[in-house]
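Trainee: need a structure here:
(one chain, ligands or ions: 2)
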Amino acid sequence: MTKKKILAYNRVSEPVLHDLQQKYEVEFFKHVDTRNDERFLQYLHQVEGIIGLELKVDKMLLDRAPHLKIVSNVSVGYDNLDVTALTKRGIMATNTPDVLTDTVADAIFGILIATARRIPELDHFVKRGQWSEFLVPEQFGVDVHHKKLGIIGMGRIGQAIAQRAHFGFDMEILYHSRTRKPEVDTKYRATFCTLDALLAHSDFVCLITPLTPETEGLIGKREFKLMKKSAIFINGSRGRTVVEEDLIDALEKGEILAAGLDVYKQEPVDPLNPLLKMQNVVTTPHIGSSTHETELKMSQLAAKNLEAGLNGIKPPNLINPEVWGD
Ligand SMILES: NC(=O)C1=CN([C@@H]2O[C@H](COP(=O)(O)OP(=O)(O)OC[C@H]3O[C@@H](n4cnc5c(N)ncnc54)[C@H](O)[C@@H]3O)[C@@H](O)[C@H]2O)C=CC1
Ligand SMILES: O=C(O)C(=O)CO
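Mentor: Ligands and ions are numbered 1, 2, ... in the order given. Presented below is the predicted three-dimensional model:
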């Protein structure tokens, strides 16, 4: 029997890829120009399944994949997929929620602390051999514990951040989300509020929504102006939820104190991006879920979704259940 053809893209853990290769014909592509790479386009024409990270799946790509049944993202975010176009063609789309929640929350909390306590900057100071006298107040950071944390997007990861903030650091939590979550209010002593109230009152503003037409550019000039001058802004969502030029402007003008960023408008980030030159900005290269343990779990879950879809079983993490007739 001929094996079903699968296209693996960008990042799929080695043991998972190996396992898939036993059962399917698998071609792995690292980074491709999806419009012009001949090998990619020829293989795409034959595949029934795609598994991978951040492949831009749009109408043009789908027109070139007539046998495609399922696209299995190795990520919880799926802003890389044109879900409407997939659904119209009856193609399943899946993601990897839950398995990465705690890992991402750890990373975001780490970035928050690193920004508040200026850890990367002072690490360089020590390593450059500049630590010759006691620290001066200009090098001090700000406290995290007992401060007000504003979380925009109180979903799975937002709640895991709230848990760390409440139980670990006794922080007061404000949140803004599509709906109020009474269980979160009780569990983490959190208060649901408008976006503007959150921005005006928070010491730390943490953005962790998905990227959607509603959240694109959610935080820009007006929102930075509403924040406290002492506010620290943390973005763990996607770069385009923020107007990056306005963030740069707000930092340059001292409208906010500092920023901790895991995501950018363009990734990998342009080495000339002014954010990289700012001492009060902590940058990480989209590390949210990137631990050995969690990347493996994400790939395993993505493979489970893929195989279910290919074999006529409803995938556990179907994003567009309409294609299943639900
Ligand atoms: N930096 C990184 O490495 C990672 C980033 N992410 C990002 O985090 C996002 C969230 O992941 P989860 O918490 O698992 O998703 P989720 O779906 O559980 O939570 C998202 C929350 O955002 C809220 N939301 C949506 N639109 C909103 C709006 N316009 N205003 C306010 N709140 C809004 C939703 O109501 C929901 O509570 C992902 O979609 C992804 O973009 C996820 C994993 C790793
Ligand atoms: O899962 C996601 O959405 C990520 O950003 C990377 O893990």
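
Trainee: geometric centre of the protein: which residue is closest?
Mentor: Ser237 (4.3 Å; C-alpha atoms, centre = their mean).

Trainee: show me the contacts for that one.
Mentor: Gly77, Gly153, Leu207, Ile208, Thr209, Pro210, Leu211, Thr215, Val263 (C-beta atoms under 8 Å, 6 or more residues apart in numbering). Bear in mind the C-beta positions are built from the backbone N, C-alpha and C, glycine included.

Trainee: quick one, what contacts the residue of the stretch 101-250 of the chain found nearest ligand 2?
Mentor: Ligand 2 sits closest to Val104 of the stretch 101-250 of the chain, with a gap of 7.0 Å, by C-beta to the nearest ligand atom. Counting by C-beta under 8 Å, 6+ apart, Val104 makes contact with Ile157, Ala160, Gly236, Gly288, Ser289.

Trainee: how about 7 Å then?
Mentor: Residues in contact with Val104 (C-beta atoms under 7 Å, 6 or more residues apart in numbering) are Ile157, Gly236, Gly288, Ser289.

Trainee: could you say which helix or strand holds the closest residue to it other than its chain neighbours?
Mentor: Leaving aside its sequence neighbours, Val104 sits nearest to Gly288 (C-beta to C-beta, 6 or more residues apart in numbering; 4.1 Å). Of the helices and strands defined by DSSP states H and E, none includes Gly288.

Trainee: report how many residues lie close to Gly288.
Mentor: Neighbours of Gly288 under the rule other C-beta atoms under 10 Å: 24.

Trainee: thought it was touching Arg238?
Mentor: No. Taking contacts as C-beta atoms under 7 Å, Gly288 lies outside contact range of Arg238: 10.5 Å.

Trainee: okay, now stretch 1-12: how far is its last residue from its first?
Mentor: Stretch 1-12 has its terminal residues 26 Å apart, counting by C-alpha to C-alpha, to the nearest Å.

Trainee: what is the rounded mean pLDDT of it?
Mentor: Mean pLDDT, stretch 1-12: 94.

Trainee: same check, this time on stretch 126-146
Mentor: For stretch 126-146, mean pLDDT rounds to 97.

Trainee: show me what counts as buried in it.
Mentor: Neighbour-count burial for stretch 126-146, with 16 or more other C-beta atoms under 10 Å as criterion, is recorded at Gly141, Val144.

Trainee: ligand 1 next: which of the contacts of Ser237 are close?
Mentor: With C-beta under 6 Å from any ligand atom as the criterion, the contacts of Ser237 include Gly77, Gly153, Ile208, Thr209, Pro210, Leu211, Thr215, Val263 near ligand 1.

Trainee: coming back round to it: now the helix or strand containing the residue of the stretch 101-250 of the chain closest to ligand 2: mean pLDDT?
Mentor: Element membership for Val104, per DSSP H and E: helix 101-116. For helix 101-116, mean pLDDT rounds to 98.

Trainee: buried residues in it?
Mentor: Buried, per 16+ other C-beta under 10 Å, within helix 101-116: 101-112, 114-116.

Trainee: which single one of the residues you listed is nearest to Thr284?
Mentor: Closest approach to Thr284 among the buried residues of helix 101-116 (C-beta to C-beta): Ile111, at 6.0 Å.

Trainee: isn't that closest one right up against Thr284?
Mentor: Yes. If you go by C-beta under 7 Å, Ile111 and Thr284 touch, sitting 6.0 Å apart.

Trainee: any common contacting residues for these two?
Mentor: Asp262.

Trainee: show me the contacts for the residue nearest to Val104.
Mentor: Gly288 makes contacts with Val104, Ala107, Ile108, Gly236, Asp262, as judged by C-beta under 7 Å, 6+ apart.

Trainee: any bit of whichever helix in the chain runs longest sitting next to ligand 1?
Mentor: In the chain, with assignment by DSSP state H, the single longest helix is helix 292-310. No. For helix 292-310, no contact with ligand 1 is found by C-beta under 6 Å from any ligand atom; the gap never falls below 9.4 Å.

Trainee: and that helix, how far out from the chain middle?
Mentor: Taking C-alpha atoms, centre = their mean, to the nearest Å, one finds the center of helix 292-310 at 17 Å from the center of the full chain.

Trainee: mean confidence score for it?
Mentor: 98.

Trainee: what's the answer for stretch 251-266, then?
Mentor: Mean predicted confidence for stretch 251-266 is 98.

Trainee: how many neighbours does Gly155 have?
Mentor: Gly155 has 17 neighbours, counted by other C-beta under 10 Å.
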